[in-house]
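Undergrad: model the structure of this input:
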Amino acid sequence: MKTVKWAFWVIVLVALALLIYQNQGFFLAKQSLNYDLKISNWNWATPEIQNVGYWGICFLIGYLLAGFKWMVTRFKANKAFKGLNASLNAKNEKIDDLINELNFYKNDPYMKKVKASAGALKTTDAPVSEENKIAGKEEQPQEKIPSADKDETQTATD
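TA: Sure, this is the predicted structure:
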């Protein structure tokens with residue numbers, strides 16, 4: 001892609017040079033610009049400059065204006081990025097605080113007693129993975145299925 005861009009700009013510059021070379025009579029002619037506001041003694045005239053100088057000045061002014069516009073949009077984009085990054089960091093800090101608060105309540109002995117007395121707490125010996133701790137999930141113990149060895153009719157009659 002760099003080669004294509006380089007070739008494109010070479011073609012543009014060669015075309016511009018060819019245009020100027022083939023029209024030397026126009027570009028090398030000297031002209032003066034006059035500015036008259038129709039107020040006495042307010043006439044202004046530039047010294048005679050070749051037309052190629054005027055074209056060069058116009059291209060330079062256009063290049064500077066485009067560069068200035070690019071800089072303004074770049075600064076606005078950087079300011080927006082900084083604001084978005086600050087918002088993202090604040091939200092990440094809030095998430096971390098909420099996770100820490102959730103872990104505090106999960107590990108609080110008083111809360112465990114309340115859950116145990118309500119019958120809502122299930123304990124397991126299986127370790128909780130680090131991902132599940134962050135997500136606030138605990139691994140659920142598997143419930144035991146009654147064995148088929150015992151006959152329910154026998155225990156009911158006993």
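Undergrad: ok, longest helix in the protein?
TA: helix 51-107 (DSSP state H).
Undergrad: the helix or strand just after that one to helix 51-107, inter-axis angle?
TA: Sequence order places helix 109-118 as the next helix or strand after helix 51-107, per DSSP states H and E. Per axes from the mean of the first three to the mean of the last three CA atoms, to 10 degrees, the angle that helix 109-118 makes with helix 51-107 is 60 degrees.
Undergrad: give me the low-pLDDT residue ranges for the protein?
TA: Scanning the chain for pLDDT under 70 picks out 115-116, 118-158.
Undergrad: and the longest helix of the chain, what other elements does it pack with?
TA: helix 24-27, strand 30-31 (3 or more CB pairs under 8 Å, 6 or more residues apart in numbering; DSSP states H and E). Any C-beta I mention is one placed from the backbone N, CA and C, and that applies to glycine too.
Undergrad: so which of the ones you listed is the most packed in?
TA: Highest mean neighbour count among the helices and strands packed on helix 51-107 (mean count of other CB atoms under 10 Å): helix 24-27, with a mean of 12.
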